[in-house]
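Colleague: Quick one: sequence plus predicted model below, questions after.
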Amino acid sequence: MLTNERYAGDVLSRKTCTLDFRTHKTVVNRGHKPQYYIEDHHEGIVSKEDYERVQEILGDNKSEFNRGDYEKTPFTSRVICTHCGKNFHRFGKNLEQTMWRCSSNKKSELLCEADPIEEAQMENLLKEGFEKRYNINQRTNDGLLIKQLTKELSNAEAVREREQNLLRVELEKCLIAENKAILQNLDTEDLKEKRQEIEKEIAVKSKLWEDFDRDYEFREASLNRLKELKGSDKAINKILDISFMRAWVIHIKVESPFLFSIKWIDGKETVVGKFKGGYHDGRK
Ligand SMILES: [Zn+2]
């Protein structure tokens, strides 16, 4: 039986990473290729019953039934609370306003004091960020915006791969130098420090790469919608909705319901909204 859920005894039947023996490069399965687990393939370290009980206690069971009104939307798993680092979750589908709330805060206000946010506000701030990043309101109708957006999405995977390869090469160089220094009985402190820095950077980037790889479908959909505009930059306002813009978003960090920092797929960041008493960029 195939399932998307997994526990320790399940076997990942299609590896997320394989080594290409011709090029010696790691080939990453970027989410768009099917991944699934074969249930009960061999006996897990923890019994399945125990595992499920623990998941239930932790409240980490991702099924819709257990998460109440949990629903996957373009914002799911990508809106992060800057105060505690946890994700914002959607709730109150049947209330007048759909709201998002920090998951720690939802458990207890003692864990995190982050205020809830209206979904409409999240949409507004993302739109503001996207418009700011691309100067959308100052565009003439020369088609350059559509060209730029199309290029960014088409090249995004190559850019991401290049970034990963560069860091890997840097790490390898460092390791070789460190080994050499050890053999020559030289001081390795500096080299070790440098290597640890690279390793730390790789660890931070890995999370971003992982999220990027999961968003293949958003990028494909947005590329298709860009084609429909037939080169008219002005027409972009018609398609500027959340799932379209989501193709460029890695995550959104929530400082307050009025102040977001949006991390884009090229690593750049845009701050949008306002501090208490004024806009962050000096606007009145
Ligand atoms: Zn929080």
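Modeller: Alright, I've got the coordinates. These figures come from a predicted structure and were not determined experimentally.
Colleague: Whatever residue of the stretch 151-284 of the chain ends up closest to the ion and Glu96, how far apart?
Modeller: Closest residue of the stretch 151-284 of the chain to the ion, C-beta to the ion: Val254 (8.2 Å). All C-beta atoms are positioned from the backbone trio N, CA, C, and that covers glycine. Distance, Val254 to Glu96, using C-beta to C-beta, to the nearest Å: 22 Å.
Colleague: Over to Phe244?
Modeller: Computed with C-beta to C-beta, the distance linking Phe244 and Glu96 is 26 Å.
Colleague: same question, Glu199
Modeller: In this view, Glu199 and Glu96 are 49 Å apart by C-beta to C-beta.
Colleague: Pick out whichever of those two has more residues nearby.
Modeller: Per other C-beta atoms under 10 Å, whichever of Glu199 and Glu96 has more neighbours is Glu199, with 13 against 7.
Colleague: about what we covered before: now the host helix or strand of the residue of the stretch 151-284 of the chain closest to the ion: buried residues?
Modeller: Element membership of Val254 [criterion: DSSP states H and E] is strand 249-256. Neighbour counts over strand 249-256 (16 or more other C-beta atoms under 10 Å) mark Val249, Ile250, His251, Ile252, Lys253, Val254, Glu255 as buried.
Colleague: Quick one: list the elements packing against it.
Modeller: Packed against strand 249-256 by the contact rule (3 or more C-beta pairs under 8 Å, 6 or more residues apart in numbering; DSSP states H and E) you find strand 79-81, helix 119-134, helix 189-214, strand 259-264.
Colleague: Same list (the ones you listed) but as TSV, adding distance to Leu145 and mean pLDDT.
Modeller: Output for the helices and strands packed on strand 249-256, formatted as TSV (distance: least, C-beta to C-beta, whole Å; pLDDT from 0 to 100):
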stretch	distance to Leu145	mean pLDDT
strand 79-81	26	97
helix 119-134	6	95
helix 189-214	22	94
strand 259-264	15	96
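Colleague: okay if I get these as a markdown table plus distance to Gln164?
Modeller: Formatted as a markdown table, those follow (distance: least, C-beta to C-beta, whole Å):
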| stretch | distance to Gln164 |
| --- | --- |
| strand 79-81 | 22 |
| helix 119-134 | 24 |
| helix 189-214 | 6 |
| strand 259-264 | 17 |
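Colleague: Using a markdown table, please lay out those together with distance to the ion.
Modeller: Output for these, formatted as a markdown table (distance: least, C-beta to the ion, whole Å):
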| stretch | distance to the ion |
| --- | --- |
| strand 79-81 | 3 |
| helix 119-134 | 15 |
| helix 189-214 | 18 |
| strand 259-264 | 14 |
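Colleague: closest to Ser108 out of those?
Modeller: strand 79-81 (13.7 Å; C-beta to C-beta).
Colleague: From the chain's centroid, how far away is the closest one?
Modeller: 11 Å (C-alpha atoms, centre = their mean, to the nearest Å).
Colleague: next helix or strand past that strand?
Modeller: Where DSSP H and E defines the elements, the next helix or strand beyond strand 79-81 is strand 88-91.
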